[in-house]
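# Curious how this folds, go ahead:
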Amino acid sequence: MKLPLDHPLRRELNDEVHARPPDALKSPCRITYLAVLPKSSERPAEWKHICDLCRSRGIEPPRPDANHFAVDIGDAYFKWERHTEFTRYNFVTWGPGSGLFQGTNISADLQSWVDGILGETIVAAQLELTPAPDRKFDTDAISRDCFSGNSVIGATLSGGTATGFTDLRIRDDGFSRVLVLDHGLASRQAGRLVQRLLEIDTYRMLALLTLPVARSLGIFLNEHERELAEITSRMTEGGIAEEQALLTRLTQLEAAIEGRFARDYYRFSASTAYYELVQRRIVDLREERIAGLQTFREFTERRLAPAMNTCRVTAARIEALSERVNRSSQLLTTRVAVEREKQNQELLEALANRARLQLRLQQTVEGLSIAAITYYVVGLIGYLAKAFKSVLHGIEPEVVIGASVPFVAAGVAYALHQVRKGLDTDGDH
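This next block holds a predicted model:
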């Protein structure tokens, strides 16, 4: 049967379900686990470092676009996984070793390569997967022998097929320790369990990366909340000149808050995602309580939940502060606009009064202009009347002058009216 043409991403998306499968593990085995935070500029060199290890062991290196790689390198089973924010390395060796947590399972030859791993370590753990003893285990002895007498957390896991212990403490060698007693784990089941335990520690640490950011933001928010309160209290007191200054302060405050929020938004979003992963992995452990010990859920929730609540509250505070500043800015902008509108209205009224005065002055000047023009025109008529006195047959020039005054005045007034009317018409256009 011939299928329609594949979507370009069909196989890539389908294979994503099978990416980073858990390893098949058999007890006894020892695992050294590293999770590091590389810089983005170090990603190409990180892949090159993996290639150097493969070439030194005669192994074909991964593709440049690969984000996970697993291979037997002779003295260990090696697994490399690249994630969005961190990279993890697993080194698995088989056999009981010289004793639980005695030394490292990384050979001297491999250690020189490990020293060259790029990035900053966020988690380093040694995990021992060992067959459970026939007798009932003693948690006090486990604490003394494996965890330097520290208080341990632990539980029966995976439906009773394993028991896990850890103290989540970083020792002088830089590693934390996890002990898993095998009561009958299948190989893939063991791989999934080990992966979950290590991921809980990794995602817990990555989620906590936001806590210092939240604490520093607390100081930042306290200062800017006080400044906003001061600005809003002065908004009801100042005039237009002070409102302009307050609006400038609000704009600067809003820019500072938005800049900080944009810078830290990813960290808070990532923290929420990592915390959800921690909770999901703990559910997948299927814990059953061991008398006298805290379970992984109890310990993690007791320590991690308050920190995540702090981060959540801080994120909500900065969002709320941003909204309050925005509302205050809009209110003050509206007040400034209304005040400006009032000033503009007063200015227009002043201009209207001035226009009315100019109109009255113009009317006064127009009346004077009629009188002046009439006077000059009548004067001309008088000269003409005197010049043609002999033709007028006894009519005195003064009579002609007096009789012409109304007609001249009316004609001048009509002419000026027509000129003004023409100017008004041109102005309307």
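
# can you list the domain ranges for this structure.
Following automatic domain parsing, one gets these domains for the chain: 20-186, 210-345, 356-428.

# possible to save these as JSON lines with distance to I200, mean pLDDT and mean neighbour count?
For glycine as for every other residue, the C-beta is placed from the backbone atoms N, C-alpha and C. JSON lines is the format used below for the domains of the chain (distance: least, CB to CB, whole Å; pLDDT from 0 to 100; neighbours: other CB atoms under 10 Å):
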{"stretch": "domain 20-186", "distance to I200": "9", "mean pLDDT": "90", "mean neighbour count": "16"}
{"stretch": "domain 210-345", "distance to I200": "5", "mean pLDDT": "84", "mean neighbour count": "15"}
{"stretch": "domain 356-428", "distance to I200": "83", "mean pLDDT": "71", "mean neighbour count": "13"}
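
# Quick one: those as a markdown table, columns for distance to L13 too.
A markdown table is the format used below for these (distance: least, CB to CB, whole Å):
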| stretch | distance to L13 |
| --- | --- |
| domain 20-186 | 14 |
| domain 210-345 | 20 |
| domain 356-428 | 71 |
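
# Out of those, flag the one nearest K2.
The closest of these to K2 is domain 20-186. By CB to CB, the value is 30.1 Å.

# coming back round to it: out of the domains of the chain, nearest to R192?
Using CB to CB, the domains of the chain put domain 20-186 closest to R192, at 4.5 Å.

# Now stretch 180-189 - C-alpha only, CSV.
This file holds the C-alpha atoms of stretch 180-189, laid out as CSV (Å, rounded to 0.1, in the frame of the first residue of the first chain):
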residue,chain,number,x,y,z
VAL,A,180,19.4,1.2,46.0
LEU,A,181,18.9,-2.3,47.3
ASP,A,182,17.6,-4.7,44.7
HIS,A,183,14.8,-7.1,45.8
GLY,A,184,14.1,-8.4,42.3
LEU,A,185,14.2,-5.6,39.8
ALA,A,186,14.0,-6.4,36.1
SER,A,187,16.8,-4.8,34.1
ARG,A,188,14.7,-2.1,32.4
GLN,A,189,12.8,-1.5,35.7
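
# Name the nearest residue to L277, sequence neighbours excluded.
Leaving aside its sequence neighbours, L277 sits nearest to Y203 (CB to CB, 6 or more residues apart in numbering; 4.5 Å).

# wait, doesn't the one you found sit right on V278?
Yes: under the contact definition of CB atoms under 8 Å, Y203 touches V278, with a separation of 4.7 Å.

# Export the longest strand along the chain to CSV, keeping only CA atoms.
As assigned by DSSP state E, the longest strand anywhere in the chain is strand 120-131. Presented in CSV, the C-alpha positions along strand 120-131 are these (Å, rounded to 0.1, in the frame of the first residue of the first chain):
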residue,chain,number,x,y,z
GLU,A,120,29.4,24.2,36.0
THR,A,121,28.4,21.2,38.1
ILE,A,122,24.9,21.4,39.5
VAL,A,123,24.6,17.7,40.6
ALA,A,124,27.3,15.1,41.1
ALA,A,125,26.1,11.8,42.5
GLN,A,126,27.4,8.2,43.1
LEU,A,127,24.7,5.6,43.0
GLU,A,128,25.2,2.0,44.2
LEU,A,129,22.7,-0.6,42.9
THR,A,130,23.3,-3.8,45.0
PRO,A,131,21.4,-6.9,45.8
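
# can you give me the helices in this protein?
Assigned by DSSP state H, the chain shows helices spanning 10-15, 43-56, 108-115, 139-146, 187-208, 210-234, 240-285, 296-387, 397-428.

# Which secondary structure elements does the longest one sit against?
Here helix 296-387 touches strand 153-157, helix 187-208, helix 210-234, helix 240-285, helix 397-428, going by 3 or more CB pairs under 8 Å, 6 or more residues apart in numbering; DSSP states H and E.

# To I106, which of these lies closest?
Here helix 187-208 is closest among these (CB to CB), at 16.2 Å.

# Next, the angle helix 240-285 makes with the closest one.
Angle of helix 187-208 versus helix 240-285, following axes from the mean of the first three to the mean of the last three CA atoms, to 10 degrees, is 160 degrees.
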